[in-house]
Structure formats: structure tokens, C-alpha cells
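Peer 1: Give me the fold of what follows.
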Amino acid sequence: MARNHFDLDGRIALVAGGSRGIGEAIARILAEYGAHVIVTSRKVESCQAVADSIIKDGGKAEAYPCHIGNLEQIEQAYAHIDKVHGRIDILVNNGVANPYYGHVLDTPVSAFEKTLEVNLRGYFYMSVNAAQRMKKKGGGAIVNVASANGITPGDKQAVYSITKAGILNMTRAFANECGEFNIRVNALIPGVTKTRFAQALHDDETFLAPARARTPLNRSAEPSEMAGAVLYLVSDAASYTTGSFVTVDGGYLA
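Peer 2: Below you'll find the model as predicted:
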């Protein structure tokens with residue numbers, strides 16, 4: 001029988017920001033292909049709803065609260081994984097903050113600090129903790145969800161765009177230094193996607209109309225349209241893929 005290179009049976013996957021939107025779609029597809037998915041975000045109730053739905057559909061999942069802007073909660077989440085599973089094979093960093101939508105010159109210091117705290121420091125220490133454990137077990141896969149704004153800054157989204165650019169370079173830094181441990185690190189670059197997180201953008205026609213006009217497919221993406229790329233990146237089908245960016249933006253950057 002031909003081998004299924006997308007089979008994730010037996011693998012433990014942690015999806016940060018997995019309670020809704022792109023993260024939820026990723027959690028669902030990883031479970032569909034056999035992974036045991038740990039769904040995390042700040043609110044355990046929303047994580048549990050996703051985990052329960054995955055289990056109802058025949059998958060394996062659990063909920064665990066973790067705000068990746070809080071280093072203590074990151075440590076607690078990994079302590080839980082050590083105790084219950086003894087390993088982690090897949091990490092998807094998708095938790096994100098963008099508390100300010102407005103002109104760069106009016107950016108509040110508090111919004112600047114929160115955005116960096118979650119989008120850069122959070123991704124960094126989630127990755128460090130995962131990679132330390134993957135190293136001991138012989139390898140693993142990390143995917144960082146970035147944004148097209150990391151390539152071309154979004155209007156009124158300066159700090160968010162800066163952090164997403166940082167995530168792309170972080171991805172290659174980890175890939176470069178962790179390849180010797182058989183740890184692959186890649187990034188997803190989504191375009192404008194219909195999520196609750198991006199609701200402010202979809203409510204702003206001065207942003208949405210030009211973005212849609214610039215996109216060859218002439219529409220925003222559904223969260224589920226991001227999940228297949230992540231499945232590829234964490235699977236054996238991508239066994240020689242690391243330090244790469246997979247762009248799923250409807251042609252926006254083209």
C-alpha cells in the first residue's frame with residue numbers, strides 16, 4: 001500500500017490561537033489527519049468548544065488555556081505537555097495581537113508593547129520551548145503564521161506589520177540553527193482572511209476595496225483555505241522543507 005505522506009497519526013500538535021479563525025481551521029485539519037491536537041488560547045471555554053467538536057467528528061483533541069503573551073503560562077502549558085504526553089511533535093504559532101488600528105504616528109506605547117509581547121516574544125518562547133523538547137525526541141515541525149503585511153506593510157497597521165516581518169526572519173533563524181536537530185521551521189503568509197480578528201479591516205471599505213482590487217482572485221480567504229498549507233508543512237511530505245515561506249494570499253503579493 002502506498003504511504004500517506006500527510007498521515008499525522010501518533011503525533012502531538014500544539015496549536016496556539018486555535019480557538020477560532022485560522023488557528024481553529026488548522027487544529028481541525030491536523031486532527032483530521034491523525035494528530036492529537038492541543039488547542040490553546042487565552043479562554044479555555046472557546047478552546048474546549050473546538051476540542052469537543054473535533055472529538056465529536058472522530059478526532060483526538062484537548063483544550064488547555066495559554067496566553068502566549070504571558071511567559072509563565074507558556075511554561076505551564078509545556079509542563080502540562082511533558083506530564084500528559086511526554087513529547088511534542090508539531091507547534092503552530094498562531095496567537096496574535098493587533099490592539100491598534102490607526103496612523104503610525106498616533107500609536108500608543110501600550111499597544112506597541114502588547115503587540116511585540118504576543119507576536120514576537122510569544123512566538124519566540126513558544127518555539128524555544130517546543131524545539132528544546134523536539135531536540136530530545138529527534139525532531140519536529142514548527143509553523144509560524146505570519147502575514148502578507150510582513151512583506152508589504154498594511155495601512156494603519158504599522159506595528160502589527162513590523163512584528164509579522166520579524167516573525168519571518170525569526171522563522172529562518174530557528175530553521176538555520178535547529179536543522180541539525182531535525183527540526184523544520186517554516187512560515188505561512190496568509191492574505192486578507194475572513195476572521196473575527198480581522199473584522200476591523202473588513203469593516204473598513206477604504207482598506208478592503210483596494211485590497212480586493214489588488215488580489216487576482218478578487219476576494220478575501222476563508223480560514224479553511226489556510227489549513228492545507230500548514231498540513232503540508234508539518235507533514236512528511238515537507239521533509240526537506242525548512243526556512244521557507246508558503247504564501248496563501250490569492251495573489252495579493254504578486
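Peer 1: ok, how many other residues are close to residue 118?
Peer 2: Residue neighbour count, defined by other C-beta atoms under 10 Å, stands at 22 for residue 118. (C-beta placed from N, C-alpha, C; glycine too.)
Peer 1: All the strands of the chain, residue numbers only.
Peer 2: Using DSSP state E, the strands found in the chain span residues 12-16, 36-41, 60-65, 90-93, 140-145, 183-190, 245-248.
Peer 1: Columns distance to residue 175, mean pLDDT and mean neighbour count on top of the ones you listed, output as TSV?
Peer 2: Shown next, in TSV, are these (distance: least, C-beta to C-beta, whole Å; pLDDT from 0 to 100; neighbours: other C-beta atoms under 10 Å):
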stretch	distance to residue 175	mean pLDDT	mean neighbour count
strand 12-16	18	98	28
strand 36-41	23	98	28
strand 60-65	26	98	20
strand 90-93	13	98	28
strand 140-145	9	98	27
strand 183-190	4	98	26
strand 245-248	11	97	18
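Peer 1: Out of these, flag the one nearest residue 158.
Peer 2: Evaluated over these, closeness to residue 158 peaks at strand 183-190, with 18.1 Å, by C-beta to C-beta.
Peer 1: Extract the C-alpha trace of the closest one and format it as CSV.
Peer 2: Coordinates of the C-alpha atoms in strand 183-190 are reproduced here as CSV (Å, rounded to 0.1, in the frame of the first residue of the first chain):
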residue,chain,number,x,y,z
ILE,A,183,13.6,20.4,13.5
ARG,A,184,11.9,22.0,10.5
VAL,A,185,10.7,25.6,10.9
ASN,A,186,8.6,27.3,8.2
ALA,A,187,6.0,30.1,7.9
LEU,A,188,2.6,30.6,6.5
ILE,A,189,1.9,34.0,4.9
PRO,A,190,-1.9,34.5,4.7
